[in-house]
Each structure stands twice: as structure tokens, then as C-alpha cells.
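Student: have a look; sequence and predicted model below, questions after that.
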Amino acid sequence: MFNEFWTVFINTPLFGILLTLLVYAGAAWLAQKSRFHPLVNPVAIGVLVIVPFLVYSGVSYENYMNGAQYISFLLGPATVALAVPLVKQLGRIRQAWLPLICGLLAGSLTAILSVVLIAFMLGAEDTVLISLAPKSATMPIAMGVSEKLGGLASLASVGVMGTGIFGVMIARYVFRLIKVESPEIRGFMLGLTTHGIGVARGFQISNEMGAFAGLGMSLNGLLTAFLVPVIMALHFVLF
């Protein structure tokens with residue numbers, strides 16, 4: 001009886017939705033209990049729970065995404081909604097527009113060039129270089145750019161997810177090391193380097209940091225979509 005119910009249930013959209021929400025709710029509870037310690041990351045915990053569950057239960061990724069796709073769809077409206085808290089920070093953005101632009105250029109170039117150079121020195125193929133180059137942009141932009149240039153969207157998504165999770169985990173210690181205290185700078189750096197996961201972390205700390213993280217994520221996504229094709233074209237010409 002249970003096996004029949006389970007077979008039917010995993011083929012419905014409700015399975016993916018419930019699994020994602022329950023696991024994330026549990027991970028968010030753990031994060032709250034740890035006082036939002038960066039190492040207790042809800043996204044990382046969610047991945048570590050859901051992936052083994054799907055593997056050992058024999059549920060295919062397609063069955064899971066049959067419902068989880070509806071949650072993924074909400075990322076679009078959620079990203080647009082970031083404009084609301086950002087409007088409240090327009091005064092500070094106008095005052096700091098030059099440092100923000102300089103930081104954006106330096107951060108975006110460093111994010112792209114560092115992974116391309118490291119992968120190239122390790123002997124990675126061009127397909128891998130293209131896939132990893134936009135790792136600090138949001139998932140849709142990174143996957144779209146890599147696909148257009150001949151990369152693998154699946155590898156690009158792994159790079160984006162890994163960058164976001166690892167970046168958020170070490171951000172607090174990096175900020176302390178370089179002695180950055182400003183919530184505007186911290187937020188902007190989080191969004192620029194760790195995209196949506198960094199934005200979520202920023203809002204856990206303060207609305208101000210979350211707003212600047214959203215600004216960093218948005219601007220870096222646009223700049224990455226322009227820089228990656230240029231940098232990869234130069235790479236192919238030189239090497």
C-alpha cells in the first residue's frame with residue numbers, strides 16, 4: 001500500500017515542493033539556533049540533505065524538479081522585489097557611486113580572471129573554462145552565458161552554487177581580516193561575489209546590508225554577461 005502511494009506521490013509536483021520547503025525550514029531553524037553562524041548555511045544544508053535523499057531513495061532529478069521548478073520560478077519575482085529596499089538607499093548610493101563602480105570593476109574582473117587562470121594552469125579544457133568563468137553571477141545569467149559560448153550549463157550551475165555557499169561561509173572572516181566594518185561595503189561585496197546566497201545572508205544581518213548586496217549582485221550579473229565573452233575571446237586568441 002505504501003509503495004503504491006510513494007510511487008504516485010513522487011510523480012506529483014507536491015513531492016518536490018514539500019521536500020524543498022521542509023528541508024529548508026529545518027535548515028533555517030538550525031541556522032537560527034546557531035544565531036545565523038556562517039558555517040550553518042541553510043542552502044548548504046539543503047543540498048547535503050536533498051541530494052543524498054534523492055540518490056538513496058531512487059527518486060530521479062526530473063521527478064524532484066517536477067515540483068521544485070515552481071519554487072525556482074519565484075526567484076525571478078524575488079529578485080525584482082530587491083528594488084524595494086534598494087530605493088531606500090538611493091541617497092547613499094549617489095554619494096558612493098564612484099567607489100561602488102571601481103569596486104564592481106575590480107571584483108568582477110578578479111572573479112572571472114582568477115578562476116580562468118587557475119583552471120587553465122591546471123590543464124582544464126576550454127569547455128570547463130567557459131563554464132566556470134561566470135561563477136560569481138546569478139544562476140540564470142551564468143548558465144545562459146556559458147551555454148551561448150559553448151560551455152556546460154550544469155557545470156556552470158555547480159560553480160555558481162559552490163561559490164555562493166563557500167563565499168558566504170568565509171565572508172565574516174575575510175571582512176575581519178581586511179578590517180571592513182561598513183555594512184554598505186560588506187553588503188556590496190557579498191552580493192558581487194556570492195550572488196543570491198550572499199543577498200539572503202545580507203538580509204539576515206540587516207536590511208541595509210541586504211539592499212547593497214542586491215545592488216552588487218545585479219550589477220555584477222550585467223557586467224559578467226559582458227566581460228566573460230570578451231575575456232574568453234582574448235584567451236582563445238592568445239592561447
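Tutor: Here it is on my side, so go on.
Student: give me the domain ranges for this protein.
Tutor: 2-73, 82-238 (automatic domain parsing).
Student: quick one: average pLDDT of the first one?
Tutor: This means domain 2-73. For domain 2-73, mean pLDDT rounds to 84.
Student: check what pLDDT V174 gets.
Tutor: In this model, V174 carries a pLDDT of 89.
Student: residues near it, how many?
Tutor: 13 (other Cβ atoms under 10 Å). Heads up, the C-betas are built off the backbone N, CA and C, glycines and all.
Student: next SSE downstream of the helix or strand it falls within?
Tutor: Taking DSSP states H and E as the definition, one finds V174 inside helix 153-177. Using DSSP H and E, the helix or strand that follows helix 153-177 towards the C-terminus is helix 183-205.
Student: let me know the angle separating that following helix from helix 153-177.
Tutor: Counting by axes from the mean of the first three to the mean of the last three Cα atoms, to 10 degrees, helix 183-205 points 110 degrees away from the direction of helix 153-177.
Student: helix 183-205: which residues count as buried?
Tutor: 183-205 (16 or more other Cβ atoms under 10 Å).
Student: any idea of the mean pLDDT for it?
Tutor: The model assigns helix 183-205 a mean pLDDT of 88.
Student: following it, which helix or strand shows up next?
Tutor: Defined by DSSP H and E, the subsequent element after helix 183-205 is helix 207-238.
Student: report all helices and strands that that next one contacts.
Tutor: Where contact means 3 or more Cβ pairs under 8 Å, 6 or more residues apart in numbering; DSSP states H and E, helix 207-238 is packed against helix 83-87, helix 97-121, helix 126-132, helix 139-148, helix 183-205.
Student: could you say which of the domains of the chain is packed most deeply?
Tutor: Most buried of the domains of the chain by mean neighbour count (mean count of other Cβ atoms under 10 Å) is domain 82-238; its value is a mean of 19.
Student: now do the same end-to-end measure for it.
Tutor: With Cα to Cα, to the nearest Å applied, domain 82-238 spans 40 Å between its terminal residues.
Student: then stretch 33-52?
Tutor: For stretch 33-52, the end-to-end distance is 24 Å (Cα to Cα).
Student: could you double-check that G103 sits in contact with G187?
Tutor: No. Judged on Cβ atoms under 8 Å, G103 makes no contact with G187 at a distance of 11.5 Å.
Student: list the contacts for S34?
Tutor: Shown in contact with S34 (Cβ atoms under 8 Å, 6 or more residues apart in numbering): V40.
Student: quick check, distance from stretch 135-152 to the centre of its chain.
Tutor: 12 Å (Cα atoms, centre = their mean, to the nearest Å).
Student: please export the C-alpha coordinates of it as PDB.
Tutor: What follows is stretch 135-152, C-alpha atoms only, in PDB (Å, rounded to 0.1, in the frame of the first residue of the first chain):
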ATOM      1  CA  LYS A 135      30.700  31.600 -11.400                       C
ATOM      2  CA  SER A 136      30.000  34.800  -9.400                       C
ATOM      3  CA  ALA A 137      27.000  35.800 -11.400                       C
ATOM      4  CA  THR A 138      23.400  34.700 -10.600                       C
ATOM      5  CA  MET A 139      22.500  31.200 -11.800                       C
ATOM      6  CA  PRO A 140      20.300  32.200 -14.800                       C
ATOM      7  CA  ILE A 141      23.000  34.600 -16.200                       C
ATOM      8  CA  ALA A 142      25.900  32.200 -15.600                       C
ATOM      9  CA  MET A 143      24.100  29.300 -17.200                       C
ATOM     10  CA  GLY A 144      22.900  31.400 -20.200                       C
ATOM     11  CA  VAL A 145      26.400  32.900 -20.800                       C
ATOM     12  CA  SER A 146      28.200  29.600 -20.600                       C
ATOM     13  CA  GLU A 147      25.700  27.900 -22.900                       C
ATOM     14  CA  LYS A 148      25.900  30.700 -25.500                       C
ATOM     15  CA  LEU A 149      29.700  30.400 -25.500                       C
ATOM     16  CA  GLY A 150      29.800  26.600 -25.800                       C
ATOM     17  CA  GLY A 151      30.100  25.700 -22.100                       C
ATOM     18  CA  LEU A 152      28.100  23.300 -19.900                       C
END
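Student: I appreciate the help and will end here.
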